[in-house]
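Enquirer: below is the structure, and that's it, no one-letter string:
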């Protein structure tokens, strides 16, 4: 483990973190990049060895973090700020390098959003996926459904 890099990343995250989407402490610590498509959100996660589990692959909690962030940022960008009510994660293969995930809506309601995110390894192979339900905190009027 490169402890100098880890300390530098931690210190940078402490100094750069703000209570905003894409800028909160964990986003800065994990050094994620967030971008948007047409009703989609992509999160790129650069991987370092200190994020690995004892088996030598990216820890499932880190993958869950990236999946959750992609879905939360999707809701915030296209609907409103939202909170996770539930999330189911499926791990398909170990990840040993950089990865990215893409979140899209399954269904948008007035108060709830149903979202999925798929995570891919650096070769583009599916490595994990999650589905979740989000409660919108400031929903826009005129949205149909639940």
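Expert: Now that the structure is in, tell me what you want to look at. Keep in mind that this is a model prediction, so the values were computed, not measured. Numbering: from 1, shown residues only.
Enquirer: so where is this protein shaky, pLDDT-wise?
Expert: 139-146 (pLDDT under 70).
Enquirer: longest helix of it?
Expert: helix 60-78 (DSSP state H).
Enquirer: next, the buried residues of that one.
Expert: 62-76, 78 (16 or more other C-beta atoms under 10 Å). No exception for glycine: its C-beta is placed from N, CA and C like everyone else's.
Enquirer: who are the packing partners of that helix?
Expert: Using 3 or more C-beta pairs under 8 Å, 6 or more residues apart in numbering; DSSP states H and E, the elements in contact with helix 60-78 are helix 25-30, strand 33-37, strand 40-45, strand 82-91, strand 99-108, strand 112-121, strand 126-136.
Enquirer: would you turn the ones you listed into CSV with mean neighbour count and distance to residue 12?
Expert: Putting these into CSV (neighbours: other C-beta atoms under 10 Å; distance: least, C-beta to C-beta, whole Å) gives the following:
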stretch, mean neighbour count, distance to residue 12
helix 25-30, 17, 7
strand 33-37, 13, 15
strand 40-45, 21, 16
strand 82-91, 14, 27
strand 99-108, 20, 21
strand 112-121, 22, 24
strand 126-136, 20, 27
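Enquirer: could these go into TSV alongside distance to residue 3?
Expert: Shown next, in TSV, are the helices and strands packed on helix 60-78 (distance: least, C-beta to C-beta, whole Å):
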stretch	distance to residue 3
helix 25-30	15
strand 33-37	24
strand 40-45	21
strand 82-91	28
strand 99-108	23
strand 112-121	26
strand 126-136	27
